[in-house]
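1. Here is my input, please return the structure:
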Amino acid sequence: MGNSARLSQHFLEDEAARQAIVAAVRPAGRRVLEIGPGRGALSEPLLEGGAALTAVELDDRLCEGLRPLLGRGLRLIHADFLTLDLGRLGQGPYAVVSNLPYAVASPILRRLLDWSGWSEAVLMFQKEVALRVCAAPGGADYGLLSLAAQIKAEPEWLFELPPSAFRPPPRVTSGVIRLRRRAEPLVSSEEEPGFFRLAREAFAQRRKMAASSLSRALSRPRSEVERLLEGRGVSARARPQDIPLAVWIALSRERR
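-> So this is what the prediction gives:
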């Protein structure tokens, strides 16, 4: 997506990896949106697999290279997904697929999560980011990104890809995940600011017991916060990364 040098784009060339991603998308008869198709490594097999494919690409030269696919059914939009009027994409829901450039992966994910025009997404990130999106409570990967993704979608880890699958090879391993968009987010748009203020304050001190920061953030005595945690099956000595999403939601609704 965009200028390949500026965005540090690494083009997928491994045939087995291409086929694995396309199989995860299940393109037959689906409206598919590809963000940043690059040189068309996924576009061609998606079209061959029966997708009604729309691709959004920023880079002028890459758009020119994709033009031969227009005659095979590709709808190409020359734009930056981050600033694109998503109304131009028309009626969904789309299955989204993207080999996300590392430099803009997080903002693209945030924009996707805020958009209602998709039902499922197969996305490739730097492995450590993919693990954070999918993380369950109790591990070092679980944090604000996990919460932000999981209030709006259900993530599933699919597989990892080595640097050798790309040209030029990146310095890191990549991870491919599936997101299934929730019909309704678990936290409403009105509740989101308070939810994230609470979570940010606690995760800023993730090595400490959460009850102390939660007590300050909720303006409640620590003993009361400990009872709130224990009443939801969480130890009073829990650290932020030990608290399940459902409990974070419940705690955020305790704010005065």
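
2. Would you tell me what the next helix or strand after the one helix or strand residue 19 maps to is?
-> Applying DSSP states H and E as the criterion places residue 19 in helix 15-25. The helix or strand immediately downstream of helix 15-25 is strand 31-35, counting by DSSP H and E.

3. Determine the set of other helices and strands touching that next one.
-> Counting contacts by 3 or more C-beta pairs under 8 Å, 6 or more residues apart in numbering; DSSP states H and E, strand 31-35 is packed against helix 43-48, strand 52-57, strand 94-99. C-betas here are computed from N, CA, C, even on glycine.

4. let's see it at 6 Å
-> Where contact means 3 or more C-beta pairs under 6 Å, 6 or more residues apart in numbering; DSSP states H and E, strand 31-35 is packed against strand 52-57, strand 94-99.

5. returning to that earlier point: buried residues of the helix holding residue 19, list them for me.
-> 17, 18, 21, 22, 24, 25 (16 or more other C-beta atoms under 10 Å).

6. Could you list the buried residues of stretch 83-92?
-> 86, 89, 92.

7. Redo these as a markdown table? Include secondary structure and pLDDT.
-> Output for the buried residues of stretch 83-92, formatted as a markdown table (DSSP: H, G, I helix; E, B strand; the rest coil; pLDDT from 0 to 100):
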| residue | secondary structure | pLDDT |
| --- | --- | --- |
| 86 | helix | 96 |
| 89 | helix | 95 |
| 92 | coil | 83 |
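
8. Among these, which one sits closest to residue 102?
-> residue 86 (22.8 Å; C-beta to C-beta).

9. Compute the distance between the closest one and residue 109, please.
-> 15 Å (C-beta to C-beta, to the nearest Å).

10. next one: residue 119
-> 16 Å.

11. do the same with residue 33
-> Counting by C-beta to C-beta, the gap from residue 33 to residue 109 is 14 Å.

12. Neighbour count for the two, which is higher?
-> Ranked by neighbour count (other C-beta atoms under 10 Å), residue 33 and residue 109 place residue 33 first, with 27 against 22.

13. Hmm, that one is touching residue 96, no?
-> Yes - the criterion here is C-beta atoms under 6 Å, and residue 33 meets it with residue 96 at 4.9 Å.

14. Contacts only, for residue 187.
-> 151, 195 (C-beta atoms under 6 Å, 6 or more residues apart in numbering).

15. for it, helix, strand, or coil?
-> Classification of residue 187 by DSSP: H, G, I helix; E, B strand; the rest coil places it in coil.

16. Repeat that for residue 241.
-> Residue 241 ends up helix, using three-state DSSP.

17. any idea which helix or strand carries residue 199?
-> Per DSSP H and E: residue 199 is located in helix 192-203.

18. For that helix, C-alpha coordinates in PDB please.
-> Provided in PDB are the C-alpha atoms of helix 192-203 (Å, rounded to 0.1, in the frame of the first residue of the first chain):
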ATOM      1  CA  GLU A 192     -15.300   4.000  24.600                       C
ATOM      2  CA  PRO A 193     -13.600   7.000  26.000                       C
ATOM      3  CA  GLY A 194     -14.100   6.000  29.600                       C
ATOM      4  CA  PHE A 195     -13.300   2.400  28.900                       C
ATOM      5  CA  PHE A 196      -9.900   3.300  27.400                       C
ATOM      6  CA  ARG A 197      -9.100   5.900  30.000                       C
ATOM      7  CA  LEU A 198      -9.500   3.200  32.700                       C
ATOM      8  CA  ALA A 199      -7.500   0.600  30.700                       C
ATOM      9  CA  ARG A 200      -4.700   3.000  29.800                       C
ATOM     10  CA  GLU A 201      -4.200   4.100  33.400                       C
ATOM     11  CA  ALA A 202      -4.000   0.500  34.600                       C
ATOM     12  CA  PHE A 203      -1.700  -0.800  31.700                       C
END
